[in-house]
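Novice: test case, fold it:
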Amino acid sequence: MKNSFSSQNSYPTLSIICFLLGLLCWIPNLFFYNANNPSLFIFLTPVLGALGIYFAIKCRSKSLKNTLIVLNGLIACSIGLVFFIGTLIWGP
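Specialist: Now for the predicted structure:
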């Protein structure tokens, strides 16, 4: 029997899941920010972005691969953007 997790078809799905989880990590800091109890989920975004890029590299389809690499790359670099926007909205 073929192992479905290691098949090539699961890599795009895993990459998309990493992208969506990276987006979900933004929500606590952008919308539910509490200065006394800050959410540390935002520190997962570089890890999830890097994992998403790894899974995207393993994709067969070139256009899908490039799209997922760009999206997960944005997620990996977004921690600076989220901190910048949060500082503009709520101050230092």
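Novice: mind listing the helices for this structure?
Specialist: Shown for the chain, the helices assigned by DSSP state H span residues 10-31, 45-57, 62-90.
Novice: mind giving me the packing neighbours of the last one?
Specialist: In this case it means helix 62-90. Using 3 or more CB pairs under 8 Å, 6 or more residues apart in numbering; DSSP states H and E, the elements in contact with helix 62-90 are helix 10-31, helix 45-57. All C-beta spots, glycine's among them, are computed from the backbone N, C-alpha and C.
Novice: any idea which of those is most buried?
Specialist: helix 45-57 (a mean of 20; mean count of other CB atoms under 10 Å).
Novice: so what touches it?
Specialist: Helix 45-57 is contacted by residues 11-12, 14-16, 18-19, 21-22, 25-26, 64-65, 68-69, 71-79, 82 when judged by CB atoms under 8 Å, 6 or more residues apart in numbering.
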